[in-house]
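S.K.: what follows is a protein structure lacking sequence information:
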């Protein structure tokens, strides 16, 4: 039971210059359990890989399986019960309350007609992300960070073994970013979810994840534990800039300025 | 035993609590809803009693009541409810608050379908004409939606502008066709959108939209999920393309039928969903009764205004709606600009 990528490739045609940006071919395996962080410089293909695993983006060649199910050939509805995915940008004009939105996380299971069991999962997810007080507020009345938490609550309410998140710390201030990572850590430890997350901040990745998958120029360049990645030469190589790893009060810290 | 009992109680309380939290999501039968129903019923009674003909004069005059007043009022109910419903469906499918059948060209395409059938088969039945309207409405709306998916527009305001432009092109083509075939007068009556012609024998097709409304109610959640955008909808396992297709078909049927029987009802689908969203949000299943009811109320009030202010003459309801809708449309724009962000 894991996420496997076999020769996965995606080509982008950037219209003006006629340059083709190639992501992949990527062959790797993301183990079940814990948090795996995808890191790397801009344009490395982290989001592309994540959204392809989440079948939101078509794969040009290769194959992706999640818990043994091919994400392309398995019916989308079946995938929705084992995998949830949240993109970075989520804009919609639909006016929903937090509870209504989180309730749609139950859609794969109940098709919208919520049972008492569904309501319980919804309440749990809302409480888990500290949104209890806000559950009947409309999303457009919330701050960016609160809204971000509501989206995460929605994918958690979906009760899938695999949760894919594309930069969920965007829009979050320091306090809420830390809080979000702690909550995701708890979701992995207490609820047994496998979380794959694109992170910008290498220090967040090092502290909160079990495995780090580093990408560069559309390729996986390193896949290992935080301790293996948090080394001067490895990080400098990945991020194209001098990085020094020092000992902080809570483990290794990467300093790059 | 005490512990298990206590546990039982604990579970029960928890169930009640959970149920209570959940119940807030979709409570429909509120006092406000009851009052709204009473108001709409009052308006409908008023519509039944309004007119030049004294229906209480003698026994024969009651026949008039059944032949004109009742069909007209039923048509008001069905047209008002369905056009408001079309608005919210289209807004969810395009994720744009300014979209509805008359700002996307759907109605104009329906008009083109009507005139095409009239030209090609001059003896065609009302049903055949309606089929033409529905088909063209579907094709036209699909073209517009596909266009929207191809082109990412910077501002949500551009969408209705393009839609209205497209509609204008289509309707000028329709006008040309009507002009060269001496059908202009028919077309003029149609464009105005009026319930005046709705009498027994001419309105029965309107019942089709009741079927559409029931269907929409059944699949309402799928439309709300589609309103979260393609990615989120796919995430929860929705077949987005299918829902888009199905929604367009439903809108086309409702718009085509209404266009055939009544004509254009501008802005109804724009005004009503936006007002309802202000108070109740966009959860379609719990809102649909409100959307329909408000649609009926707005169209009935506008029709009553049109029937009374220049009595014994009638002003087409489309004209009144256009005026009322235009004002609300501008109000919406200003409100969103004040709130900032949403328009861009």
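M.R.: Thanks, I have it. Because the structure is a prediction, the values reported are computed rather than measured. Numbers count the residues shown, from 1 in each chain, chains lettered A, B, ... in the order given.

S.K.: just for the stretch 151-257 of chain A, where's the confidence low?
M.R.: Under the criterion pLDDT under 70, no range of the stretch 151-257 of chain A is flagged.

S.K.: can you show me the strands along it?
M.R.: Along the stretch 151-257 of chain A, the segments classed as strands by DSSP state E, counting those that start in this stretch run A:162-166, A:194-198, A:211-216, A:219-224, A:244-248, A:251-255.

S.K.: which bits of the stretch 51-200 of chain B sit near chain A?
M.R.: Taking Cβ under 8 Å from any Cβ of the partner chain as the contact definition, the stretch 51-200 of chain B meets chain A at B:91-92, B:95-97, B:156. Placement of C-beta: from N, CA and C, glycine included.

S.K.: for the stretch 201-344 of chain B, what lies in contact range of chain A?
M.R.: By Cβ under 8 Å from any Cβ, the residues of the stretch 201-344 of chain B that approach chain A are B:220-222, B:224-225, B:227-229, B:231-232, B:234-239, B:277, B:281-283, B:285, B:342.

S.K.: hmm, which of the residues you listed are the buried ones?
M.R.: Buried members of those, counted by 16 or more other Cβ atoms under 10 Å in any protein chain shown: B:220-222, B:224-225, B:227-229, B:231-232, B:234-239, B:277, B:281-283, B:285.

S.K.: now do the same contact list for the residue nearest to the spatial centre of chain B.
M.R.: For chain B, the residue whose C-alpha lies nearest the mean C-alpha position (Cα atoms, centre = their mean) is residue B:83; its distance is 1.4 Å. Contacts of residue B:83 were listed using Cβ atoms under 8 Å, 6 or more residues apart in numbering or on different chains, and they are B:100-101, B:254-255, B:258, B:265, B:268-269, B:295, B:299.

S.K.: filter these down to just the ones in helices.
M.R.: Assigned to helices by DSSP state H, the following of the contacts of residue B:83 qualify: B:254-255, B:258, B:268-269, B:295, B:299.

S.K.: identify, from these, the entry nearest to residue A:167.
M.R.: residue B:269 (36.8 Å; Cβ to Cβ).

S.K.: what about the closest one, distance to chain A?
M.R.: Distance, residue B:269 to chain A, by Cβ to the nearest Cβ, to the nearest Å: 15 Å.

S.K.: any idea which helix or strand carries the closest residue to that residue other than its chain neighbours?
M.R.: Counting by Cβ to Cβ, 6 or more residues apart in numbering or on different chains, residue B:87 is the residue found nearest to residue B:269 once chain neighbours are left out, at 2.3 Å. Applying DSSP states H and E as the criterion places residue B:87 in helix B:70-94.

S.K.: specify which member of the contacts of residue B:83 is nearest to chain A.
M.R.: Taking Cβ to the nearest Cβ as the measure, chain A sits nearest to residue B:100 out of the contacts of residue B:83, at 13.8 Å.

S.K.: gap between residue A:122 and chain B?
M.R.: For residue A:122, the distance to chain B equals 7 Å [Cβ to the nearest Cβ].

S.K.: distance of that residue from residue B:110?
M.R.: Noted for residue A:122: a distance of 41 Å to residue B:110, by Cβ to Cβ, to the nearest Å.

S.K.: so what's residue A:66 up against?
M.R.: Taking Cβ under 8 Å, 6+ apart as the criterion, residue A:66 is in contact with A:3, A:53, A:79, A:82-83, A:162.

S.K.: phi, psi for it please.
M.R.: Per-residue torsions, residue A:66: phi -120, psi 120 (degrees, to the nearest 10).

S.K.: among the contacts of residue A:66, which ones lie close to chain B?
M.R.: Filtering the contacts of residue A:66 for neighbours of chain B using Cβ under 8 Å from any Cβ leaves residue A:79.

S.K.: and which of the contacts of residue A:66 is nearest residue A:256?
M.R.: Set against residue A:256, the nearest of those by Cβ to Cβ is residue A:53 (28.2 Å).

S.K.: skipping its backbone neighbours, what lies nearest the closest one in space?
M.R.: Excluding the flanking residues, the one nearest residue A:53 by Cβ to Cβ, 6+ apart is residue A:64, at 5.5 Å.

S.K.: could you look up the SS state of the one you found?
M.R.: Under DSSP: H, G, I helix; E, B strand; the rest coil, the three-state class of residue A:64 is strand.
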